[in-house]
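Participant: what follows is a predicted protein model with its sequence.
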Amino acid sequence: MSVEFDVDHRLWLLRTRDSAYAFRLDEADRPRHVHWGPPLTLEQATRIAPRPNPVASSFDEPLDDRPELATEGGAFFGVAGLSVRFADGTQALEWTYAGHDTQDGLVVRLRDRHYPLEAELHYRVRGEAVERHAVLRNTGSEPIRLLRTDSAAWTLPRRDGYRISHTTGAWSAEAGLLRENLPTGETTLTSRRGVSGHQANPWVMLDDGTATETRGEVWSTALAWSGSWRITVERSHTGRVTWTGGFGHEGVQWRLEPGETWETPVFAGLYTAGGFGGASRKWHAYVRDFVLPHPEELRPVVYNSWEATGWDVDEPGQLRLAAIAAGAGAELFVVDDGWFGARTGDTAGLGDWTVNRDRFPAGLGPLVAEVHRLGMGFGLWVEPEMVNPDSDLYREHPDWVLAMAHRGRTTLRNQLVLDFGRPEVADWAYKWLHRLVAEHGIDYLKWDMNRAFTEAGRPGDGDPGRVWVEHVRAVHGVLDRLRADHPGLRIQACAGGGGRTDLGILARTDEIWASDNTDAFDRVKIQHGFSQVLPAGVMAAWVTDSPNPLTGREAPLEFRFHVAMAGVLGLGGDLTKWTADELRRTAELVALYKEIRPVVQHGTAYRLADPAVSPLTAVQYVLGEDVVVLFARRPHDHGRPIVTPVLQGLDAAAVYHDVGTGAVHHGAVLLTHGLPITLTGSGAASALVRLRREPR
C-alpha cells in the first residue's frame, strides 16, 4: 500500500518504490514531520522518536521536528506557511484532530479548537512523487482573512553543506541553472508578476553539497501553479533545512467568506539517491504519467511564420510559406500575430479577434484549406488575456482590465491585462476562442501572454487580492473548457517565451515555448535548465535564420538543428530566403528527426556534460534501452575534434551498433570509457549518433 497508518503512534507512512515519507500527530494534534528519504517500513518509521531542539531555550522552539504546514502560534518562530486573521484579530492557530481517510490518497482533517476554521492536508503518491495540497473551510458566520496559504512544507534530515538548485533568468534568457550553497537564514524564490515567470521557475532542488549528475541524495519540489508564487527555504544555524511554498506573494491577502472553501495548488515532491540526473528523470516520468493531457502522442514538427513576416501577414505570403514548409517536412503550419483586427503592429487591435479582411479578403478559410491540402495541421497565435487601449474591445469595456482606483494604467508592450477573474471576461474569451476553433477547423493554438501584471486590482471590490488567484484559475478553466469541447485541439503554452513554465499549465497544454531566444548557442543553456524538471517532449525548439534575428550570431545549419532536435523540433526562419541546398538539407534533417522523435520525446534522458562548466554539451536519450540518440555539441572551437562522452543507462553486457556507420561498441566500454565522436567544422560543431542494441 502507498499509504499506511499506525494508530498507536498516530503516524502515517507514504511509500513510493524508491522513497518513504512519514509524519505524525504530536500530543497537541499538530502534524509534524518524521521522515523523507530512503525507503523504510511502518515499524521503522514508528521507531523514529521526536527530536528535541539541541539548542532550545526560551528564545527558540523546543522541538526539532517541523510542522507539516507551519502556522502561527505557540513557540514557533519560523516561516508560517498558513497565516490567518480571525474577525477578533487573533492569528494563532490551535488544531484538534478530526480524523482521516484514504479513499483517494490521504486526507488528514483538522479544526481549530475555538474558531470556525477547518483544514484538510491532502497527500497522494503518484509514481515517485508525493503530491500535497491544503484545503481550508470557513464554517462560521464572519469572514476570515487569509494572509498566507501555502500548499505544503518540506523538511530535510540534518546534513552539512546543503546546496540549493534553482533557475534564474529574464526574457530571452530563461531557465539559467544556478547551484549554490544554501545560506543560513531565509531564502525566498518568487514571482510577483502574475505568471510563473522568466526570472525563476516554481521548483527547487536541495542536496547536501556532494551530489553529482549521477549520484547522491537530492530532494526536490515543484508547484503546479501558473501565477505568482513564493517558496521560502529556511536553514537554521544548527543545519536544519525546511521550506514552504504556494501561490501568492508578500502583501497579497484574501478573504475566506462564511461557508467558503479555499483550495491550494498541488506542491509535489520527490527524493532520489541518483543525483540530479536521477531527480530529473523521476520528474520527467511524473510529468508524462500524471500531468500531460496526451503523453502518448508525438509532437509534430511546426513551422511558425513569425520570423519570416513579422507584422506583414497576408494570404499570399502565408500560402507561399506554407508550400515551402510542407516541402521541408513540416506537419503543422502556424500563423502568428497580425492576422486579426487592426493588428499591423503592437500598438492596436489586440482584443479584436476577427480576421483582418484587408489581409485575408475571404477570411482564413482558403489558407486553412490549402494548409490542410498540403498535409499539415493549421494553427494560430492568440493572446486572450490582453488588450490594447487602442482597440474596440477596450473602448467598449475599459472596466475589464486590471486596474486600481485613482491610479494610472501602466501599459507594457502597449497593452493592458484583462481581468479573467471577472466571470464575464472569462466567458467572453471562451466564446470567441470556441467560435474561432470551430468555424475554421483550427488544430493548434499558440496561447501567448506578453506582459506582467501591474495595478492588479479591481475597483470597487472589497477583496482585490483575489485577482492574483482568480485570474489564473479562470485561465485554467477556459483552457479546460476549450479542450473538452474540442478534443482534437492541441495548445502550446507561451508567455513571451518561457514566462509561464510550470506543472499547472502543462496539465492543460501540450508543450511549452521555452524562450523567444532561438539562438542555438543560448538555447544550449536554456534547454539544460529546462530539462532539470521538464522532459524534452514538452520543450518546443525552433531552427531559425543565421544570423539569428535576436542576437546577430551566425551558426551552421546542422548545429542549429542538433540543438533544436534535442526537444520538439520546429522551423521558424524565413524559408523564402534559404538557398536550395539549405532547404534540401533541412528536409533531410527533418526526416531524420522524425525517425528519432520517439526516442527524444518519449525516451529517458541523460545529461552527459554541463554547459556551465564544459565546452562540450552532450545529451542522450534511451527508449527501452534499444535505441540511443546522442547529441554532442561544441559551441566554440576548443581544438577538440574528437570527444568521448561516457554514456549512461545502457546494458553493460550488450553490443550496440552505430546506425549511421555500422561501427560496433560494447556496452561496458561505452559506460566506462565513452563513445568516440568526431565533431566536424571550425567554431560551432555538433554530431548526432544513433546506436541500436543488437538482439541477444
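Facilitator: Yep, that arrived. Numbering: from 1, shown residues only.
Participant: can you get me a residue count around the residue lying closest to Thr586 once chain neighbours are set aside?
Facilitator: Of all residues not flanking Thr586 in the chain, Ala328 sits nearest, at 4.8 Å (C-beta to C-beta, 6 or more residues apart in numbering). (Each C-beta comes from the backbone N, C-alpha and C, glycine too.) By other C-beta atoms under 10 Å, the residues close to Ala328 number 23.
Participant: could you do Ser2 as well?
Facilitator: Residues lying near Ser2 (other C-beta under 10 Å) number 17.
Participant: and Ala273, by the same measure?
Facilitator: Neighbours of Ala273 under the rule other C-beta under 10 Å: 15.
Participant: hang on, it packs against Trp219?
Facilitator: No: the criterion here is C-beta atoms under 8 Å, and Ala273 misses it with Trp219 at 10.6 Å.
Participant: quick check on His657: phi, psi?
Facilitator: Per-residue torsions, His657: phi -120, psi 150 (degrees, to the nearest 10).
Participant: you'd agree it is up against Arg690?
Facilitator: No: between His657 and Arg690 no contact is recorded; they are 9.6 Å apart, counting by C-beta under 8 Å.
Participant: so which residues of this protein form helices?
Facilitator: For the chain, the helices defined by DSSP state H cover 42-46, 275-286, 306-309, 315-328, 365-373, 392-396, 423-440, 467-485, 503-506, 520-530, 557-564, 580-602, 667-672.
Participant: let me have these in a markdown table, adding distance to Met449 and mean pLDDT as columns.
Facilitator: Formatted as a markdown table, the helices of the chain follow (distance: least, C-beta to C-beta, whole Å; pLDDT from 0 to 100):
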| stretch | distance to Met449 | mean pLDDT |
| --- | --- | --- |
| helix 42-46 | 44 | 97 |
| helix 275-286 | 24 | 98 |
| helix 306-309 | 16 | 96 |
| helix 315-328 | 24 | 98 |
| helix 365-373 | 25 | 98 |
| helix 392-396 | 16 | 98 |
| helix 423-440 | 12 | 98 |
| helix 467-485 | 8 | 98 |
| helix 503-506 | 10 | 98 |
| helix 520-530 | 18 | 95 |
| helix 557-564 | 23 | 96 |
| helix 580-602 | 25 | 98 |
| helix 667-672 | 44 | 97 |
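Participant: right, and those helices - which one's nearest Tyr115?
Facilitator: Of all the helices of the chain, helix 467-485 sits nearest to Tyr115, with 22.6 Å by C-beta to C-beta.
Participant: got a list of contacts for the closest one?
Facilitator: For helix 467-485, contacts defined as C-beta atoms under 8 Å, 6 or more residues apart in numbering pick out 194, 225-228, 247-249, 252, 254, 293, 384-385, 402, 417, 419-421, 423, 425-426, 429-430, 433-434, 437, 447, 453, 456-458, 461, 489, 491, 504-505, 508-509.
Participant: ditto for stretch 608-624
Facilitator: With contact meaning C-beta under 8 Å, 6+ apart, stretch 608-624 is reached by 177, 213, 524-525, 528, 531, 536, 566, 598-600, 602-607, 628-636, 638, 640, 643, 645-650.
Participant: any weak-confidence spans in the stretch 1-150 of the chain?
Facilitator: Low-confidence segments of the stretch 1-150 of the chain, defined by pLDDT under 70: 1, 56, 58, 62-63.
Participant: from Val233, how far off is the residue nearest the centre of the chain?
Facilitator: Central residue of the chain (C-alpha atoms, centre = their mean): Asp502, 2.5 Å from the mean position. Note on Asp502: its distance to Val233, by C-beta to C-beta, to the nearest Å, is 18 Å.
Participant: so among the contacts of helix 467-485, which ones count as buried?
Facilitator: 194, 225-228, 247-249, 252, 254, 293, 384-385, 402, 417, 419-421, 425-426, 429-430, 433, 437, 447, 453, 456-458, 489, 491, 504-505, 508-509 (16 or more other C-beta atoms under 10 Å).
Participant: which ones among the residues you listed map onto strands?
Facilitator: Those of the buried ones among the contacts of helix 467-485 mapping onto strands are 247, 254, 417, 447, 491, per DSSP state E.
Participant: can you add pLDDT and give those residues back as JSON lines?
Facilitator: Below are those laid out as JSON lines (pLDDT from 0 to 100):
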{"residue": "Phe247", "pLDDT": "97"}
{"residue": "Trp254", "pLDDT": "94"}
{"residue": "Val417", "pLDDT": "98"}
{"residue": "Trp447", "pLDDT": "98"}
{"residue": "Ile491", "pLDDT": "98"}
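Participant: among the residues you listed, which one sits closest to Glu128?
Facilitator: When those are ranked by distance to Glu128 (C-beta to C-beta), Phe247 comes first, at 24.2 Å.
Participant: list the contacts of that closest one.
Facilitator: Phe247 is in contact with 149, 151, 223, 225, 227-230, 264-265, 468-469, 472, counting by C-beta under 8 Å, 6+ apart.
Participant: can I get the residues you listed in CSV with distance to Ala348?
Facilitator: Shown next, in CSV, are the contacts of Phe247 (distance: C-beta to C-beta, whole Å):
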residue, distance to Ala348
Thr149, 40
Ser151, 41
Leu223, 37
Trp225, 33
Gly227, 28
Ser228, 29
Trp229, 33
Arg230, 36
Thr264, 39
Pro265, 36
Trp468, 28
Val469, 31
Val472, 27
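Participant: show me the two of the residues you listed that sit farthest apart.
Facilitator: For the contacts of Phe247, the maximum inter-member distance is 15.1 Å, found between Ser151 and Trp468 (C-beta to C-beta).
Participant: the more surrounded of these two?
Facilitator: Remark: of Ser151 and Trp468, Ser151 carries more neighbours, 28 against 22, as counted by other C-beta under 10 Å.
Participant: gap between the closest residue to His198 other than its chain neighbours and Glu263?
Facilitator: Closest residue in space to His198, ignoring its immediate chain neighbours: Gly499 at 4.7 Å, by C-beta to C-beta, 6+ apart. Using C-beta to C-beta, Gly499 is found at 25 Å from Glu263.
Participant: Trp229 now?
Facilitator: For Trp229, the distance to Glu263 (C-beta to C-beta) stands at 15 Å.
Participant: neighbour-wise, which of the two wins?
Facilitator: Set Trp229 next to Glu263 and count neighbours by other C-beta under 10 Å: Trp229 wins out with 30 against 15.
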